[in-house]
Structures are given as structure tokens and as C-alpha cells.
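Asker: Sequence first, then the predicted structure:
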Amino acid sequence: MEQTGSYPVKVYIYDVTKGMARQLSPVMIGKQIEGVWHTAIVVHGKEFFFGGDGINHCAPGNTILGPPDLTVDLGSTEVPEEVFMEYLTSLGESTFSGDKYHLLDHNCNTFSNEVAQFLTGQKIPSYVTDLPSEVMSTPFGQALRPFLDSMTINPGGNNIRGQP
């Protein structure tokens, strides 16, 4: 039986550098950035995110990154959990399968932005989605590109397809 009602939707924002980007970015890239962001969508009592092994979920705030640095309320959705899980399964088999992950171009923030729009019509904050192009526009960012292109991030959790 499908649930009916309105469900709160939040984006959890984590600085994976734990403050180091804020301290080192002026020297390293010539401009101040506040963090290097990982995001997740929290809805229906779970935190959903995308990494190198696909779409995963966990209890809110229970990734290996610890509690989020910021929480942004995106409003609410009327999409029931069953429909949402079908949507995620479809994404996990196509656009957001683990082999499609790319640290700069198709990452957790791309996922969070797409899912936020599906659920609420709202985007996640632009300072998160604009960061890769901002960093890559610097000489240091360009020098790091080959290294960053080979990186994958896996914050843990349970894969939506039931795989660890």
C-alpha cells in the first residue's frame, strides 16, 4: 500500500577536507573556497548519495564523513517512498550506475541536484555545483586534472540494489 502525505526533503552537505580547503585554497589555487563538497539527499528517513559503487543509502548522518557540516531544507515532496525507490533503482541502472561516477563531472552533487529537482523542483546550492568548474579554471586545477580524473569516492552505506 502506498503512503500518502508530504515528506520533508533536505540536502546534507559535507566538506570532505574538514576545513583544509578553506585554509589552503588561497595559496594553492589563488582563490578562497570554503570546502570540497559531498552532498546527499535525506528523505523518507534515509540519506541517499552517489559514489563509485553507485547509489547508496544509510541512516541520516551515518556515512564515514560523520555528521553533515550544513543542512539545507529543500521543502517537501509528495512522492511516496515506494515510487522514490523505483525512481532510484532506475537511475542506478542507468545514469547513476557506479561505472558512470566521475569526481568532477558526474558525482554525488550531480546526483543530489537531479534527485532534489525530481522531489521538490528545487536545485541544491549553486556554490556546490559550481565548485568543480571554479577550481578547474585555475592553473593548479588544470595541473591536478589528470589525478582528479582517476579518483573515486565511496562514502559507504548500503547500495540500493542490495549490494554492499
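Answerer: Cool, the structure landed. A quick note: this is a predicted structure, and the numbers were derived from the prediction, not measured.
Asker: where along the protein do the helices fall?
Answerer: Using DSSP state H, the helices of the chain run over 20-28, 81-92, 108-120, 126-129, 131-136, 139-149.
Asker: mind giving me TSV with those helices and columns for mean neighbour count, distance to residue 157 and mean pLDDT?
Answerer: (C-beta placed from N, C-alpha, C; glycine too.) Listed next are those as TSV, based on neighbours: other C-beta atoms under 10 Å; distance: least, C-beta to C-beta, whole Å; pLDDT from 0 to 100:
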stretch	mean neighbour count	distance to residue 157	mean pLDDT
helix 20-28	14	23	93
helix 81-92	15	13	97
helix 108-120	21	11	98
helix 126-129	15	19	97
helix 131-136	17	22	90
helix 139-149	12	23	85
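Asker: quick one: which of these is nearest residue 49?
Answerer: helix 108-120 (5.2 Å; C-beta to C-beta).
Asker: sorry, back to before: for residue 155, find the nearest of the helices of the chain.
Answerer: helix 108-120 (7.7 Å).
Asker: and the angle from the closest one to helix 81-92?
Answerer: If you take axes from the mean of the first three to the mean of the last three C-alpha atoms, to 10 degrees, helix 108-120 sits at 140 degrees to helix 81-92.
Asker: So in terms of bridging, what pairs with the nearest residue to residue 125 once chain neighbours are set aside?
Answerer: Computed as C-beta to C-beta, 6 or more residues apart in numbering, the closest residue to residue 125 that is not its neighbour in sequence is residue 72, at 6.3 Å. Beta bridges link residue 72 to residue 11, judged by DSSP bridges.
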